[in-house]
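1. What follows is a predicted protein model with its sequence.
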Amino acid sequence: GKAKKGRGGKGPKENSKKYEVLTPMKDAATRDRLVDFFGLGDKFPKDQLMTSSDQGNKVYFVSSAVKEFLVSDVKSQLKVVGAGVKLFEKNPTKNEVFDFRLRQEGVQFILPFMTKRVLRLPMADFQNLLHNRNMLMDNLSEGKHKDEIKGW
């Protein structure tokens, strides 16, 4: 028999979602700014940062094996649905400090390399933060951690 047409008589519904093509991060200046701002040391594998566009609005971290696999697809024949973990994305709000934000799902991968923007709180301050859901820096207990924040 005849194939049924989709709604509105326009034929079968086609997948209109475009697949992402992940490529190594080409913008060395942005990559270097990310590395500097978050204090990523020399051991951080910068070559495993990938983007899905020339603008680099989303920055992904992939394993070295996945990176080699994606880079070998020179004709862009792979239809990548998902690869790696999203580490950074452009901040949608204008931020005077930095234009990228760290994504929660990437923290566990990048934290061991971070030497900046990490705050280790005493348990009392951490409990206060969890209880109140926010905290003014002036309300932190005295100590080294309070001095660290002043430089941010």
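-> Yep, it's here. Numbers count the residues shown, from 1 in each chain.
2. quick check: longest strand of the chain.
-> Longest strand in the chain by number of residues (criterion: DSSP state E): strand 85-90.
3. quick one: low-confidence parts of this structure?
-> 1-20, 54-55, 95, 143-152 (pLDDT under 70).
4. Spell out the residue ranges of the strands in it.
-> Ranges of strands within the chain are 23-24, 49-51, 58-61, 85-90, 100-102, based on DSSP E.
5. hang on, the earlier thing: starting from the longest strand of the chain, tell me which strands it pairs with and how they run.
-> strand 58-61 (antiparallel), strand 100-102 (antiparallel) (DSSP bridges).
6. what comes up buried for it?
-> For strand 85-90, burial by neighbour count (16 or more other C-beta atoms under 10 Å) applies to 85-89. Bear in mind the C-beta positions are built from the backbone N, C-alpha and C, glycine included.
7. Can you show me the helices along the chain?
-> For the chain, the helices defined by DSSP state H cover 28-37, 64-71, 107-110, 123-132, 144-150.
8. Save the ones you listed as a markdown table, and put in distance to residue 117 and mean neighbour count too.
-> Below are the helices of the chain laid out as a markdown table (distance: least, C-beta to C-beta, whole Å; neighbours: other C-beta atoms under 10 Å):
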| stretch | distance to residue 117 | mean neighbour count |
| --- | --- | --- |
| helix 28-37 | 7 | 14 |
| helix 64-71 | 25 | 14 |
| helix 107-110 | 10 | 13 |
| helix 123-132 | 16 | 12 |
| helix 144-150 | 10 | 11 |
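9. right, and these - which one's nearest residue 56?
-> Distance to residue 56, taken as C-beta to C-beta, is lowest for helix 28-37 among the helices of the chain, at 5.7 Å.
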